[in-house]
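Enquirer: here is the input, now give the coordinates:
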Amino acid sequence: MGAKVGPSKGGMDEINVTPLIDVVLVLLIIFMVLTPITMQKMATELPPEDEDQPPPPPQQEEQLMVAIYDDASLALNLVPIDEGKLAEELKRRLKGRAASKRNVFVDAAPDAKYDQVVHVIDLARDCGAERVGFADMKDEGPTRVTPEQLLIMQGGGLPAPTPVP
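Expert: Numbering: from 1, shown residues only. From the prediction side, this is the model:
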């Protein structure tokens, strides 16, 4: 096939490609046989079509922060509230939570009375809080919210301006 007969004066200068062609043909036959099998296998492993909508993500529960100001006033998440409504609101917000997520934080002003702080902690425990922690946000105590900021936080926007006569 690729051999020369007769005397030669030098080395053979042609490459014998016959074994290379044999290997390529064998590989071609192997791939031709395996391709339909892998195509069938891929088609059978597809996930089923799901027409159901995914469930909505769970609502993130907001953190409960009770602020005690130096004038003995209270606020829940910066919204001013009296003690009776504080108990009702804490019960309502803690009711549907898992036991590990029933946390209440207390942020007391440095000049707040000790007995009032202890009373608020007991009130939070009575309302269903599993853990009550202390928040030390600022040296001057918890932040007060102005009425305008409170209105914006509650989604009411700014009050309508009064006309000037």
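Enquirer: for the lowest-mean-pLDDT helix or strand in the chain, packing partners?
Expert: In the chain, no helix or strand scores lower on mean pLDDT, DSSP states H and E than helix 147-153, which sits at a mean of 71. Counting contacts by 3 or more CB pairs under 8 Å, 6 or more residues apart in numbering; DSSP states H and E, helix 147-153 is packed against strand 79-81. (Each C-beta comes from the backbone N, C-alpha and C, glycine too.)
Enquirer: what strands line up against the strand it packs on, and which way round?
Expert: Next to strand 79-81 in the sheet, as set by DSSP bridges, lie strand 74-76 (antiparallel).
Enquirer: quickly note the distance from residue 35 to residue 24.
Expert: Separation of residue 35 from residue 24 (CB to CB, to the nearest Å): 16 Å.
Enquirer: ok, residue 62 next?
Expert: With the distance defined as CB to CB, residue 62 ends up 68 Å from residue 24.
Enquirer: got it, and residue 69?
Expert: From residue 69 to residue 24 the distance is 86 Å (CB to CB).
Enquirer: who has more neighbours out of the two?
Expert: Here residue 69 and residue 24 are compared on neighbour count by other CB atoms under 10 Å; more neighbours surround residue 69, at 18 against 11.
Enquirer: would you map the helices across the chain?
Expert: Ranges of helices in the chain, per DSSP state H, are 18-44, 83-95, 114-126, 147-153.
Enquirer: dump those to CSV, plus distance to residue 136.
Expert: CSV is the format used below for those (distance: least, CB to CB, whole Å):
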stretch, distance to residue 136
helix 18-44, 60
helix 83-95, 21
helix 114-126, 12
helix 147-153, 22
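Enquirer: would you single out the least confident of the ones you listed?
Expert: Among the helices of the chain, helix 147-153 has the lowest mean pLDDT, at a mean of 71.
Enquirer: quick one, what contacts residue 123?
Expert: Applying CB atoms under 8 Å, 6 or more residues apart in numbering to residue 123 gives the contacts 83, 86, 87, 90.
Enquirer: isn't the last one up against residue 125?
Expert: No - the pair residue 90 and residue 125 fails to qualify as a contact (CB atoms under 8 Å) at a distance of 9.9 Å.
Enquirer: which one's more surrounded, those two?
Expert: residue 90 (24 against 14).
Enquirer: ok, the closest residue to the more buried one other than its chain neighbours - contacts?
Expert: Nearest non-adjacent residue to residue 90, counting by CB to CB, 6 or more residues apart in numbering: residue 127, 3.9 Å away. Residue 127 makes contact with 87, 90, 91, 94, 104 under the criterion CB under 8 Å, 6+ apart.
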